[in-house]
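Colleague: with the input below, show me the fold.
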Amino acid sequence: MTDNELNKIFGKLAVAQAKTEAQFTRTEAQMARTDATLERMGIHLGGITNNNGSTTEEYFYNSMLEHPILGGVRYDRIRKNVYGVGLKLEDEYDIVMYNGNSIAIIECKYKAHENDLRKLMDKKVDNFRALFPDFKDYKIYLGLASFSFYPELEEMAKQNGVAILKQKGDVVEIESTNLKVF
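Modeller: Predicted coordinates:
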């Protein structure tokens, strides 16, 4: 092969490499824009999820505060967002109700799923006993509170002795003592 032919081949390779590098630069810029968009969306969706969770907890907490009874057991105290921290363990409980010998742990989900029920039964109880040893001899009852259940999940909860809490009927409280005409 002659020098002239080699120069032509190397010239074509250089042009192709320059095109590839330009395309790579454009792709990198597009990926950076996509990453930024996804991050903004993640923050936005995360905020929606947090708001839904807070709304659900507030609704069921207020309902239980009004009538602190679960499974026929009356409770003297009710707390929300109870945190327990140990040396190697940490957990959060949406609603916890207490009396002299019983605890009710209620997990709140905007839309409940089977994994929520399993986590409540398989993990939350053991963690509670470890994090709050003063209550080790108390009976622990469980409840899953949600605005949305699918029938199979409700049945699974019932079969496992977990209370189902869901909204129904007249649940709106209206404060209108200072109502005025506009």
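Colleague: residues making contact with stretch 76-86?
Modeller: Identification of contacts with stretch 76-86 by CB atoms under 8 Å, 6 or more residues apart in numbering yields 57, 61, 64-65, 68, 90-100, 127-128, 130-132. C-beta here means a position set from N, CA and C on the backbone, and glycine is covered the same way.
Colleague: buried ones in it?
Modeller: 78, 80, 82 (16 or more other CB atoms under 10 Å).
Colleague: ditto for stretch 65-77
Modeller: So for stretch 65-77, counting by 16+ other CB under 10 Å, buried means 68, 70, 75.
Colleague: check contacts around the last one.
Modeller: Contact criterion CB under 8 Å, 6+ apart gives 68-69, 97-99, 102, 104 as the residues in contact with Tyr75.
Colleague: got a markdown table for these, with pLDDT, secondary structure and distance to Ala112 too?
Modeller: Below are the contacts of Tyr75 laid out as a markdown table (pLDDT from 0 to 100; DSSP: H, G, I helix; E, B strand; the rest coil; distance: CB to CB, whole Å):
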| residue | pLDDT | secondary structure | distance to Ala112 |
| --- | --- | --- | --- |
| Pro68 | 90 | coil | 21 |
| Ile69 | 89 | strand | 21 |
| Met97 | 94 | strand | 19 |
| Tyr98 | 92 | strand | 24 |
| Asn99 | 94 | coil | 26 |
| Ser102 | 93 | strand | 23 |
| Ala104 | 93 | strand | 17 |
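Colleague: OK, contacts around the residue lying closest to Tyr138 once chain neighbours are set aside?
Modeller: Excluding the flanking residues, the one nearest Tyr138 by CB to CB, 6 or more residues apart in numbering is Ile103, at 4.9 Å. By CB under 8 Å, 6+ apart, the contact set of Ile103 is 96-97, 128, 135, 138-141.
Colleague: any stretches of this structure with poor pLDDT?
Modeller: Scanning the chain with the threshold set as pLDDT under 70 gives 1, 3, 5-14, 36-53, 169-182.
Colleague: for this structure, what spans make up the strands?
Modeller: Secondary structure of the chain (DSSP state E): strands at 69-70, 73-74, 77-85, 90-98, 102-109, 139-146, 163-165.
Colleague: can you put the ones you listed in JSON lines and add distance to Glu154?
Modeller: Output for these, formatted as JSON lines (distance: least, CB to CB, whole Å):
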{"stretch": "strand 69-70", "distance to Glu154": "16"}
{"stretch": "strand 73-74", "distance to Glu154": "21"}
{"stretch": "strand 77-85", "distance to Glu154": "23"}
{"stretch": "strand 90-98", "distance to Glu154": "19"}
{"stretch": "strand 102-109", "distance to Glu154": "13"}
{"stretch": "strand 139-146", "distance to Glu154": "9"}
{"stretch": "strand 163-165", "distance to Glu154": "5"}
